[in-house]
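Visitor: just a sequence and a predicted model for now, questions to come.
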Amino acid sequence: MKGTMIIAEAGVNHNGSLDLAFQLVDAAVEAGADAIKFQTFKTEHLVTKSAQQAEYQKKNIGKSLSQYEMLKKLELSYEEFKKLKKYCDEKNIMFLSTPFDLESVDFLIKELKLNLIKIPSGEITNAPYLHKIASYGVDVIVSTGMATKEEIHHALAFLAYGFAGKTDVSFVTVKHFYQTYEAKMFLEGKVRLLHCTTEYPTPYEDIHLNAMDDMREEFHLPVGLSDHTEGIVVPIAAVAKGATIIEKHFTLDKTLPGPDHKASLNPNELKEMVQSIRIVEKALGEKQKRPTQTELKNKEVARKSLVAAQAIQRGEKFTFNNLTVKRPGTGIKPYYYWDYIGKIAERNYGKDEVIE
């Protein structure tokens, strides 16, 4: 895939409806996204029945439910995901889904044949989960919201251990293996990281896009952005900062009930984001500073030359009074202005004639 990979994050914005999920696919295709991503889970494997909602979830839903109650309403069955994957294939858009439990990992990789798995910020310390995904040998994208650099290193260590096919797992052996050249080679080309701030919506002052540079230097892996700010400015700026992936929540209607709709883009905003990112990619161009072919045709028109400020006779000296600088740039370059002062004109020049 050329350019920035743009993932339209549908998440659970289908509200448990397969028909709504199909409509989200259509909207992502219309917007020009490279992929659409959902979330696959069995609620009973994901949370305890007493786990409480996050504060943003309580605020966005408008009432307090347990996480179990909220997620159960947002769950799609495996059979529905099979239909959704088939629909994405027909629409020629990449189907992605984040698994939130080990059973869903097996389903997405073994049954739906996904060769790319997105690991969410909340699972970055879930070592059995990380090791299992990597043991399949699939490529992974890792969101790093809430994570310290040490936690990211630990996650990469368990991924490398899984990629290597190692099963004698302990934290000590994993960390020891991570220090080897072999471990780094397993990660290269298989893992991409996403800078992320886990708050919905994220205040702009908490984004810290400059941290992407720190991540590239620290982990020597491609870095993108999973963005939860309002609007499209931040993801566009991230592309200018070198983001290789942009992930952004979207919905069909921000007023729909559910935890993520209010912090999501609508279809028109998603399309505008995609188009703007593609413009930025074109504008970034190459790193070498040099004149482009499109501007060279304007060079003689825009640049200036030495010009006779008044009529000059052959044999007359060039002086500060009779020599000036004007367009076009077809004659002697103005670099030589002082060198010509005092020189003898070798022919007659009319006023405004370019010196040759």
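Guide: Now that the structure is in, tell me what you want to look at.
Visitor: what's the neighbour count on the nearest residue to A27 once chain neighbours are set aside?
Guide: Excluding the flanking residues, the one nearest A27 by CB to CB, 6 or more residues apart in numbering is P267, at 4.2 Å. All C-beta atoms are positioned from the backbone trio N, CA, C, and that covers glycine. As a burial measure, P267 scores 19 neighbours (other CB atoms under 10 Å).
Visitor: contact partners for P267?
Guide: Contacts for P267 (CB atoms under 8 Å, 6 or more residues apart in numbering) come out as A27, E30, A31, F250, L252.
Visitor: what's the answer for L187, then?
Guide: Applying CB under 8 Å, 6+ apart to L187 gives the contacts L156, L159, A160, F163, L221.
Visitor: try it again at 7 Å.
Guide: By CB atoms under 7 Å, 6 or more residues apart in numbering, the contact list for L187 reads L156, L159, A160, L221.
Visitor: low-confidence regions, the protein specifically.
Guide: Applying pLDDT under 70 to the chain flags the ranges 1, 53-64.
Visitor: quick check: domain ranges of it?
Guide: Annotated domains of the chain cover 5-284, 293-340 [automatic domain parsing].
Visitor: end to end on the longest one, go ahead and measure it.
Guide: Domain 5-284 has its terminal residues 16 Å apart, counting by CA to CA, to the nearest Å.
Visitor: cool, and the shortest one?
Guide: Length of domain 293-340, first residue to last, CA to CA: 32 Å.
Visitor: ok, which stretches of the stretch 101-250 of the chain are helices?
Guide: Along the stretch 101-250 of the chain, counting by DSSP state H, counting those that start in this stretch, helices occupy 102-106, 127-135, 149-163, 171-178, 181-187, 211-219, 233-240.
Visitor: over to the stretch 251-356 of the chain?
Guide: Under DSSP H, counting those that start in this stretch, the stretch 251-356 of the chain gives helices at 267-284, 293-296, 299-302, 337-340.
Visitor: list the buried residues for the third one?
Guide: The neighbour-count criterion (16 or more other CB atoms under 10 Å) identifies no buried residues in helix 299-302.
Visitor: which outside residues touch it?
Guide: With CB under 7 Å, 6+ apart as the test, helix 299-302 has contacts from R327, P328, G329, T330.
Visitor: of the residues you listed, which is the nearest to V169?
Guide: Nearest to V169 among the contacts of helix 299-302, counting by CB to CB, is G329 at 69.7 Å.
Visitor: quick one, what contacts that closest one?
Guide: Going by CB under 7 Å, 6+ apart, the list of residues near G329 reads K299, E300, R303, K304, S305.
Visitor: and the residue nearest to F81 when sequence neighbours are not counted, bridged to which residues?
Guide: Nearest residue to F81, sequence neighbours excluded (CB to CB, 6+ apart): T40, at 6.0 Å. Counting by DSSP bridges, T40 is bridged to P99.
Visitor: so T40 touches S104, yeah?
Guide: Yes. Here T40 reaches S104: they are 4.4 Å apart, a contact under CB atoms under 7 Å.
Visitor: quick one, phi psi at the residue with the largest distance to the centre of the chain?
Guide: Most distant from the centre of the chain: G315, at 66.4 Å, with distances by CA atoms, centre = their mean. Per-residue torsions, G315: phi 90, psi -10 (degrees, to the nearest 10).
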